[in-house]
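> need coordinates for the below:
(2 chains)
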Protein chains: 2
Amino acid sequence: MAEQIARREQIREVAGSLFSERGYHATTVRGIARELNLQGGSLYAHIASKEDVLWEIVERAAREFLERVAPIASERGSASERLTRMIAEHVRIVAGHTSDATVFFHEWRFLGGERRQRVIEQRDAYEAAFRKVISEGVRSGEFRPADPKLAALAVLSTVNWTYQWYRPGGELAPDEVAAGFADLLLRGLCKEDER
Amino acid sequence: MAEQIARREQIREVAGSLFSERGYHATTVRGIARELNLQGGSLYAHIASKEDVLWEIVERAAREFLERVAPIASERGSASERLTRMIAEHVRIVAGHTSDATVFFHEWRFLGGERRQRVIEQRDAYEAAFRKVISEGVRSGEFRPADPKLAALAVLSTVNWTYQWYRPGGELAPDEVAAGFADLLLRGLCKEDER
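As a prediction, this is how the structure comes out:
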């Protein structure tokens, strides 16, 4: 049993790398099997289809964001504090799993009907958590009047794009990236007297 | 001759849609030909290879950004004014050609050796234009002390990601999106007295 779980995890990992490097459509079950030194057919003992592996990767990523980041929106603290923590946690997830993040952000579109719909719902729920904090900050007067939808998009764009350029072991640790982004998004570039 | 140019443009357009929808590797020359009601073989009268079409799309997008946006960095005006105009022009390009932008941001990785290298250089030059304006704004005291590299990344992440969610005819016009993003990135979410 433990061996089966370990094998599944390996499959997910290899598939995640291949999907992120070449794209879902250009990856074959045979290609995944080859990386694992298995016969194509024997992979089907572990997975029902290529789409199932994609689904597992996408679902796991969505769960990480929804379970680790979204609940912060409903915790105590000022809107700034909560948003700063949400940014930090999101960047940590992306920086910790850049392949899976790439698959999550791009390849989810290739999931079939119901699964695709489910991801759209999860993304909406996730965005709503960011909009909630921003709206609350605007309402309480902590934030300037801003369009919560556009502001949430700007915040999410900045943190999502991390998967495109972040490489572990580079100049900046994930927490430094997050702190820089949070500072910029919350306080902006301009000095107060330049406004 | 005019007909040949028109045909090439059609090929680029169809290939751009297919590359952005299914990915470069999953698109075949035969598939491009089918969309144009041509035989696969006759497409080769117009293009030498699938990679050549990818190269044309990527090159054209890179040129748009480098010719329309980057020079603003060296024009007159405060750092805020220049950065605001760069953001607006970048969003206009992305919103005006979402398929090509998707191909540019994702599929360029599949170009071979020298071409890939050339795109990396163009991206570096482009990022440098944003870093230049931000550094100048920090030096002149117009901007708060910020890491120009991280700030340029935040600005570019926000405007790049537009291709992921922007759909023509939606709620917001490209200029409204750009104005909202520029305001947020330059002035931040927080009110002055909350800092």
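> pLDDT on stretch A:114-123, on average?
Stretch A:114-123 carries an average pLDDT of 95.
> that one near chain B at all?
No - Stretch A:114-123 stays clear of chain B (Cβ under 8 Å from any Cβ of the partner chain), getting no nearer than 9.9 Å. In this view, the C-beta of every residue, glycine as well, is placed from N, C-alpha and C.
> which residues sit against that stretch?
For stretch A:114-123, the external contacting residues (Cβ atoms under 8 Å, 6 or more residues apart in numbering or on different chains) are A:Glu51, A:Trp55, A:Val58, A:Ala62, A:Leu66, A:Trp108, A:Arg109, A:Leu111.
> helices - which of the residues you listed land there?
Taking DSSP state H, the ones among the contacts of stretch A:114-123 that sit in helices are A:Glu51, A:Trp55, A:Val58, A:Ala62.
> and the helix or strand containing A:Asp124, what's buried?
Assigned by DSSP states H and E, A:Asp124 belongs to helix A:113-139. Buried residues in helix A:113-139, defined by neighbour count with 16 or more other Cβ atoms under 10 Å in any protein chain shown: A:115, A:118-119, A:122-123, A:126-127, A:129-138.
> after it, which helix or strand is next? Please name it.
By DSSP H and E, the next helix or strand past helix A:113-139 is helix A:148-160.
> now the helix holding A:Asp124 against helix A:148-160, angle please.
110 degrees (axes from the mean of the first three to the mean of the last three Cα atoms, to 10 degrees).
> and the gap between the residue nearest to A:Arg144 when sequence neighbours are not counted and A:Arg139?
Leaving aside its chain neighbours, A:Arg144 sits nearest to B:Lys191 (5.4 Å; criterion: Cβ to Cβ, 6 or more residues apart in numbering or on different chains). From B:Lys191 across to A:Arg139, the span is 13 Å (Cβ to Cβ, to the nearest Å).
> helix or strand with the lowest mean pLDDT in chain A?
helix A:40-43 (a mean of 77; mean pLDDT, DSSP states H and E).
> residues in contact with it?
A:Ile11, A:Thr28, A:Val29, A:Arg30, A:Ile32, A:Ala33, A:Arg34, A:Leu36.
> out of those, the closest to chain B would be?
Chain B lies nearest to A:Thr28 out of the contacts of helix A:40-43, by Cβ to the nearest Cβ, at 10.8 Å.
> model confidence for the nearest residue to that closest one once chain neighbours are set aside, exactly?
What sits nearest to A:Thr28 in space, not counting adjacent residues and going by Cβ to Cβ, 6+ apart, is A:Lys50, at 7.5 Å. Note for A:Lys50: predicted pLDDT of 93.
> roughly how far does A:Lys50 sit from chain B?
Separation of A:Lys50 from chain B (Cβ to the nearest Cβ, to the nearest Å) stands at 12 Å.
> what's that residue in contact with, if anything?
Contacts of A:Lys50 by Cβ under 8 Å, 6+ apart are A:Ala15, A:Tyr24, A:Thr27, A:Thr28, A:Val29, A:Ile32.
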